[in-house]
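[1] Task: produce atomic coordinates for the following.
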Amino acid sequence: MSRKLFGTDGIRGRVGEHPMTAEFALRLASAAGHVLAPGGGKVLIGKDTRVSGYMFESALEAGFVAAGMDVLLVGPLPTPGIAYLTRILGANVGVVISASHNPYEDNGIKFFDSNGGKLSDDIEAAIEARLSEPAVTRESGSLGRAKRVDNALDAYKSFCISTVPSALQLEGLKIVIDCSHGAAYKVAPRVLSELGAEIVPIGCSPNGRNINDSCGSTKPELLQLTTEGVRADLGIALDGDGDRVLMVDHLGQLIDGDQLLWVLASAWQKAGTLTGPVVGTLMSNLGLEIGLKTLGVDFRRAKVGDRYVLEMLRETGGRLGGETSGHLICLDKTTTGDGLISALQVLCVMKQSGLTLAELTAGMVRYPQKLVNIRVTQKTDLKNSVPIQNAVIRAEKQLGARGRVVLRASGTEPVVRVMVEGEDRVEVEQLADEIGAAVLGAPAS
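    Take a look at the predicted model:
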């Protein structure tokens with residue numbers, strides 16, 4: 001079965017337009033309940049800070065209760081926190097209402113299984129197939145119940161702290177934490193404070209409409225200015241649902257997901273605790289691959305999307321992987337990408353080594369990359385478009401072994417992504433623009 005609604009990270013869209021309507025959310029809950037817990041069970045629902053979250057929370061609650069499932073509501077909490085609580089509270093299903101790094105006008109719904117892992121493509125396809133049937137309402141004696149979980153934030157906070165050595169203290173570190181006015185706005189500052197850091201919080205005042213607005217991991221300029229301005233040791237930027245992290249060193253320089261992977265991989269390799277390959281994606285910087293090779297560390301590339309990084313880690317026995325965007329997975333710590341836990345692992349390396357973030361990242365040379373995001377209104381056949389393929393072939397021939405071209409449709413947005421990487425920045429930018437122009441001029445399929 002194929003999936004039409006589920007992308008690489010759940011179902012997303014503009015609120016008020018199909019599929020992001022209250023009516024659809026109710027039917028989705030009914031379908032998911034039937035596929036994931038046909039005999040009834042327990043579902044845990046969390047969300048980020050978007051104003052539309054109230055609506056979808058109520059609709060999902062109604063759909064699951066009508067289908068005979070008990071519902072646990074935890075309110076705003078990072079996506080990885082929902083994965084963790086799904087597992088420890090014994091829920092059959094975990095649901096997150098979030099569109100991650102997208103603007104507040106969008107929202108999304110994604111699921112975790114009872115182990116806190118993402119659903120397989122086949123299970124998502126089975127849920128989609130069930131959507132063609134009416135929502136189920138059981139008779140009164142078989143309906144589920146709903147209740148709020150009051151200690152969810154404290155439980156997740158304690159879990160995050162437990163992922164670093166008990167002796168680790170962050171006294172002496174001044175950290176700017178940008179929570180993107182999103183799901184981590186309460187828990188992230190509390191974790192860092194309890195570990196002893198001096199914190200400067202920004203992006204921690206959500207109003208339902210300012211999530212990811214000129215802040216967070218997708219807009220780190222404010223964090224860079226603030227970190228340098230207050231003379232902090234580093235800055236941490238999470239995205240709206242808390243599963244991504246980027247960092248800023250004391251000089252205000254942005255440290256992306258590839259560089260953070262380098263910091264962790266090189267430190268764990270030195271300590272003898274790194275097992276299996278490090279897994280990146282097709283978009284990971286060539287400098288990461290080359291740098292790890294010099295350390296004797298195997299590096300693999302998965303398809304874009306943290307679900308595919310996770311799959312490859314499990315297939316190869318690896319424990320560390322992630323994306324340039326900051327979607328990092330420390331598989332020995334948790335079951336999914338977690339921005340806060342990943343940041344804590346980097347802070348642990350800093351404290352144990354006595355080095356600054358700038359010093360820790362100096363060993364990896366980043367190749368110039370140009371990423372062009374081209375918004376499309378209709379699907380474009382990237383493989384069979386002659387103008388697009390000619391532009392790609394010309395670029396690859398010009399770069400030779402000195403670079404790469406990646407062309408792909410986004411799984412979460414109506415966007416075609418063009419990435420060109422090579423040794424010469426001017427050449428890279430020129431080739432990316434040429435391919436982008438070919439995509440814009442290509443007819444829709």
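
[2] Dihedrals phi and psi, the residue of the chain most remote from its centre?
    In the chain, G141 marks the outermost C-alpha relative to the chain mean, sitting 39.7 Å out by C-alpha atoms, centre = their mean. Main-chain torsions, G141, degrees, to the nearest 10: phi -70, psi -10.

[3] again with the one 4 residues further on
    Main-chain torsions, R145, degrees, to the nearest 10: phi -120, psi 160.

[4] shouldn't it be in contact with V65?
    Yes. Counting by C-beta atoms under 8 Å, V65 is a contact partner of R145 at 7.0 Å. (C-beta placed from N, C-alpha, C; glycine too.)

[5] These two: which is more packed in?
    Between R145 and V65, V65 has the larger neighbour count (other C-beta atoms under 10 Å), namely 20 against 10.

[6] How many residues are close by the closest residue to E133 other than its chain neighbours?
    Excluding the flanking residues, the one nearest E133 by C-beta to C-beta, 6 or more residues apart in numbering is A31, at 7.4 Å. If you count neighbours by other C-beta under 10 Å, A31 ends up with 22.

[7] Run through the residues that contact D338.
    With contact taken as C-beta atoms under 8 Å, 6 or more residues apart in numbering, D338 is in contact with P78, P80, C160, G242, D243, L328, I329, C330.

[8] Apply 7 Å and report the result again.
    P80, D243 (C-beta atoms under 7 Å, 6 or more residues apart in numbering).

[9] Before we move on, what's the pLDDT of it?
    On the pLDDT scale, D338 is placed at 97.

[10] for the stretch 151-300 of the chain, what spans make up the helices?
    Assigned by DSSP state H, counting those that start in this stretch, the helices in the stretch 151-300 of the chain fall at 152-162, 187-194, 221-229, 257-271, 286-294.

[11] now, of these, which is deepest in the fold?
    helix 257-271 (a mean of 22; mean count of other C-beta atoms under 10 Å).

[12] Adding mean pLDDT and distance to S114, write the helices of the stretch 151-300 of the chain out as CSV.
    Output for the helices of the stretch 151-300 of the chain, formatted as CSV (pLDDT from 0 to 100; distance: least, C-beta to C-beta, whole Å):
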stretch, mean pLDDT, distance to S114
helix 152-162, 98, 17
helix 187-194, 98, 23
helix 221-229, 98, 36
helix 257-271, 98, 28
helix 286-294, 94, 34
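
[13] Now name the helix or strand holding V372.
    In the assignment (DSSP states H and E), V372 maps to strand 369-375.

[14] Now that strand: buried residues?
    Under the neighbour-count criterion of 16 or more other C-beta atoms under 10 Å, strand 369-375 has Q369, K370, V372, I374 buried.

[15] the inter-axis angle of that strand versus helix 257-271?
    140 degrees (axes from the mean of the first three to the mean of the last three C-alpha atoms, to 10 degrees).

[16] what is the mean pLDDT for strand 369-375?
    Average pLDDT, strand 369-375: 90.

[17] Show me the contact partners of the next helix or strand after it.
    As assigned by DSSP H and E, the chain's next helix or strand after strand 369-375 is helix 386-399. Applying C-beta under 7 Å, 6+ apart, the external contacts of helix 386-399 come out as L382, V405, L407, V420, G422, L431, E434, I435, A438, V439, G441, A442.

[18] try 10 Å this time
    For helix 386-399, contacts defined as C-beta atoms under 10 Å, 6 or more residues apart in numbering pick out 380-383, 385, 403-407, 416, 418, 420-424, 427-428, 430-432, 434-443.

[19] Buried residues, it. List them.
    I388, Q389, A391, V392, A395, Q398, L399.

[20] Whichever helix or strand comes after that helix - contacts with which helices or strands?
    Scanning forward in sequence from helix 386-399 by DSSP H and E, the next helix or strand is strand 404-409. Contacts defined by 3 or more C-beta pairs under 10 Å, 6 or more residues apart in numbering; DSSP states H and E place strand 404-409 against strand 369-375, helix 386-399, strand 415-421, helix 425-441.

[21] Turn the ones you listed into JSON lines, including distance to V71.
    Shown next, in JSON lines, are the helices and strands packed on strand 404-409 (distance: least, C-beta to C-beta, whole Å):
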{"stretch": "strand 369-375", "distance to V71": "37"}
{"stretch": "helix 386-399", "distance to V71": "47"}
{"stretch": "strand 415-421", "distance to V71": "34"}
{"stretch": "helix 425-441", "distance to V71": "44"}
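
[22] out of the ones you listed, nearest to I127?
    Among the helices and strands packed on strand 404-409, the nearest to I127 by C-beta to C-beta is strand 415-421 (24.7 Å).

[23] what distance separates that closest one from the centre of its chain?
    Relative to the chain's own centre, strand 415-421 is displaced by 19 Å; criterion: C-alpha atoms, centre = their mean, to the nearest Å.

[24] all strands in the stretch 1-150 of the chain, in order from the N-terminus.
    11-14, 41-47, 69-76, 93-97, 106-112, 146-148 (DSSP state E, counting those that start in this stretch).

[25] For the shortest one, enumerate its sheet partners and note whether each is parallel or antiparallel.
    With DSSP bridges as the test, strand 146-148 is paired with strand 69-76 (parallel).

[26] what separates the strand it pairs with from the chain centre, distance-wise?
    22 Å.
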